[in-house]
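Q: Dropping a prediction and its sequence here:
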Amino acid sequence: MKNKKLVRSLVFAVLVFALILTLCDLFEYGNDHASQRIETYQQLEKNTVDAVFVGTSGMDRYWIGPKAFEENGITAYSLSTEAMPTWLLKSMLIEATDNQSPKLAIIDMRSFMLSYDGGEINDVRSRRVIDVLDFFSYSRLNAIHRTLKVLSKWDDDTSRFDMSFFFSFIRYHSLWEEESFSFDELKDPESKYMGFYVHENLSIAPISKIGADVTTQEREPLDPLCEQQLYELLDYVAKQDYEVLFLDTPHCYNELEAKRMNTLCDILDEEGVSYFVPGVDRELYDLETDFYNDGHVNYYGAEKFTEMFAEYLTENYDLPDRRGDEDCDDWVGVYDVIKAQIKKFEQAAEK
Amino acid sequence: MAYTSLGFLAFLGIVILVYYLVPKKYQWAVLLTASYIFYLFSGVAQLAFILGTTAVTYFAALLMQKKRDAYKAELAAIGPEITREQKQELKKAVGNKIRRVQFASVIAVLLVLAIVKYLNFAIESTNTVFNVLNIDVYLSPVEKMIVPLGISFYSFQAMGYLIDIGRGRYAAEKHFGRLALFLSFFPTIVQGPINRYGDLGVQFNKEHSFDYDNLKYGAQLMLWGFFKKMVIADRAAPAVAAIFSENYADYNGSVYFFGMLMYALQIYGDFSGGIDIARGAAQTLGFNLPQNFERPYFSTSVADYWRRWHATLGAWMREYVFYPVMLSKPLTKISKALRKAGKAKLAKLVPSVVTPFVVFFLIGIWHGANWKYVAFGLYNATIVAGSVALAPVFKKTIEKLHINTEAFSWKLFTIVRTFLVLGISKILVKSPGLKAALHIIKSIFTEVDLDFVFGLDGKIFTFGIDEKNMFVLFVAVLILFGVSVLQENGMKMRETLAKQNIAFRWAVYFIALIFVLVFGVYGPAYNAADFIYGAY
């Protein structure tokens, strides 16, 4: 009798856990693209990705991986989330090497331009990463640990919400209250663009507002947290098997960003770490047609960037030509799918 | 640590595990450690208060016990040749000594409670009086006054224990740890129920083996508590906060009435939900705590309501205030004098009318240090005393009108009447002040906005409870109502459920769980309100 009750209790506990996981899965919030991006990466054949981008939207808006595959044979994938905080770059690198052995890690320099002065924004930026990682993965646990450590600097009371990082459902269960809520919208998009961001408006939109584009020789210290995280990250990548390249994708700087970028480059020079800051090449990009805002290119700008950067990678890194490799079939034809999708958006916009 | 937090569930899980794994003779130590750890979450300084109260209670009770034992020993030493007068003299002497200790210790416990909870209220009230009398004196309130968690609850338990020991109801607890546990038991420390030592204290002296049914029933009760607190109370809360705010004057009588209904749901869901969680948590550890709520909104009179609402406070007041006041020398003298004067009816009536005012004044002030709570108490006292005084008139009226008081319609009328009468007392408590309360009460009777009542202008959904939330709240209240009706008719829900097939039982558990998880108000998106009674 006792054994029967024990078994029953265990079965019940397992079902409750399964229920909570299901609810976590069902109530995700506004992170469909990143979610789909990570999920696709996890499903790729083992050791078929030779370069990974980690960082902010400054990666996935710019790099059309399938185009570089078709034209240069490079398999380089964006593992990015919007405004990915510096403390989670390491977690994403852990994720990147879980099923793949990339030869090159391309780290977004934009993450280090951000200011982290506490509050809700850091929580949201962190959740965008944590929520898209596999529930049982080490990278997710690492991301939660690092986030809680950082958030505790600002909010003494974060402990009461710690569990919501483990079980995202605690954070998002009240989504049903939203006017626009429907389970259909919560499903991930079916199309997979191998890390590239495709959006019906932003991909084809011309720039809405051109901001400042400052060039300066002055320096401004990085946010103290960024600087600390930068050195931690440099320590970490120094021990890894892959090469590292810091990249700042073309966009318009404001004054603070421009000064901080100079400081970041100084630090990377001192540490002997490679970086690439192509800037907005006015001969290559048309500011009025290739950007959807002053911080991001649209699809047309991404085409140009990918072409240029793929050349750069081919020239500077020993990345194999993967075309014809059966294990890389997932990459085949995706560029055509992207182009077709963009065409559809253009036609819809014309109407 | 809020009872609705995952932290509390994890804490309880660990306590349960350790509690049943350690040798039974150390179970009290596990619970005491857990209770003090739980208490420490509210602050180290607060611990000093409960420790102080515990020490005073422990030593005073032992002293009373010592005096009583000495008296018994003296009686035994004298033997059977003791005269009646001698015995009475000894008894009187020891009684006086015990009463002195009892009085001093109760005052000591009460003093701490009074200082931390009521000192600033007294200072502010005195300043108001000075101001009215044009006396140029200003007393500064004490800034940063610490109000220890659950001080009203453990102080009342301590006083009840001291009075019971003084009365010789049971022997004083010689084990400091067990008495400390009685006063700090973590499931009850935040909002009760207020336990008598004879009910709870004695359970700490027993050994508790793991019992599957206790664990199961306890978890079920906790889930029900979460439902009431998180789905009903916290979902109704935004409307209450919006309507009974400083902007109250912007609304009309119908809005106030809606606010009153929402507050009735909020306060009941919050308090009774919290008590269910507390009772459920205690049951998982093998302890039975008394019922504190017995479907109070089905009460047919205000007196009935106070037997069903916060029943342990009512019982405490009956035992330690009502009867002592009723049988006190001054009231007995007045009754005797009236009887002598040939006014037998009045002689009987005076104690029954005066005592409720004392009791309800204390109940009012117990709820908070503010004149609105005093008004709340006196309002209830007036209703109770009035119904006693006018009982013969009511009886005659009912007879004359040939009303069948056994009929369902009459019962329904009395339930609705009681709910509305008590609704006014809730407005007194919830309004921003007495002036606001009077305005709100007056408006309810004079301003009816039919568009609002029937939801025609959609304004009803603008107080933090939109259509979706209102629908969820409505369904939840229907469930609560259905269960309450079944319970009122004698059905024991958990026992009835236990008799059903496993598929049905588990379906009920999972539906309840999903309901709480999805429709409960909790988590970082919501600034979880602490239990309302936690501050009392």
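A: In hand now; what should we look at?

Q: interface residues of chain A facing chain B?
A: Residues of chain A found near chain B (C-beta under 8 Å from any C-beta of the partner chain) are A:5, A:8-9, A:12, A:15-16, A:19-20, A:23, A:123, A:159-161, A:163-164, A:169-174, A:176-177. Where C-beta positions appear, they are placed from N, C-alpha and C, glycine not excepted.

Q: which of those residues are buried?
A: Burial of those was assessed by neighbour count (16 or more other C-beta atoms under 10 Å in any protein chain shown); the buried members are A:20, A:23, A:123, A:160-161, A:163-164, A:169-174.

Q: Which one of those is nearest to B:T128?
A: The closest of these to B:T128 turns out to be A:R160 (C-beta to C-beta; 38.7 Å).

Q: Can you give me the domain assignment for chain B?
A: Under the assignment automatic domain parsing, the domains of chain B span B:6-210, B:211-293+B:433-536, B:299-430.

Q: Using JSON lines, lay out the ones you listed together with mean neighbour count and mean pLDDT.
A: Formatted as JSON lines, these follow (neighbours: other C-beta atoms under 10 Å in any protein chain shown; pLDDT from 0 to 100):
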{"stretch": "domain B:6-210", "mean neighbour count": "17", "mean pLDDT": "91"}
{"stretch": "domain B:211-293+B:433-536", "mean neighbour count": "18", "mean pLDDT": "88"}
{"stretch": "domain B:299-430", "mean neighbour count": "16", "mean pLDDT": "91"}
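
Q: for the buried ones among the residues of chain A next to chain B, which one is nearest B:A180?
A: Nearest to B:A180 out of those is A:R160 (C-beta to C-beta; 27.4 Å).

Q: Surely A:Y197 is within a helix?
A: No: the assignment for A:Y197, made by DSSP: H, G, I helix; E, B strand; the rest coil, is coil rather than a helix.

Q: The buried ones among the residues of chain A next to chain B in helices, which ones?
A: Among those, the residues falling in helices (DSSP state H) are A:20, A:23, A:123, A:163-164, A:169-172.

Q: any chance of the residues you listed in a markdown table, with pLDDT too?
A: Putting those into a markdown table (pLDDT from 0 to 100) gives the following:
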| residue | pLDDT |
| --- | --- |
| A:I20 | 88 |
| A:L23 | 85 |
| A:D123 | 78 |
| A:M163 | 79 |
| A:S164 | 83 |
| A:F169 | 84 |
| A:I170 | 84 |
| A:R171 | 82 |
| A:Y172 | 82 |
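
Q: What is the nearest of those to B:N96?
A: Lowest distance from B:N96 to those (C-beta to C-beta) belongs to A:M163, with 57.5 Å.

Q: The closest one: what's it in contact with?
A: Listed by C-beta atoms under 8 Å, 6 or more residues apart in numbering or on different chains, the contact partners of A:M163 are A:170, B:6-7.

Q: and stretch B:385-393, C-alpha only, in PDB?
A: In PDB, the C-alpha atoms belonging to stretch B:385-393 read as follows (Å, rounded to 0.1, in the frame of the first residue of the first chain):
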ATOM      1  CA  ALA B 385     -26.400  45.700  20.900                       C
ATOM      2  CA  GLY B 386     -29.400  47.100  19.000                       C
ATOM      3  CA  SER B 387     -30.500  43.700  17.800                       C
ATOM      4  CA  VAL B 388     -30.400  42.400  21.400                       C
ATOM      5  CA  ALA B 389     -32.300  45.400  22.700                       C
ATOM      6  CA  LEU B 390     -34.900  45.400  19.900                       C
ATOM      7  CA  ALA B 391     -35.200  41.600  19.700                       C
ATOM      8  CA  PRO B 392     -38.700  41.600  21.300                       C
ATOM      9  CA  VAL B 393     -39.900  44.300  18.900                       C
END
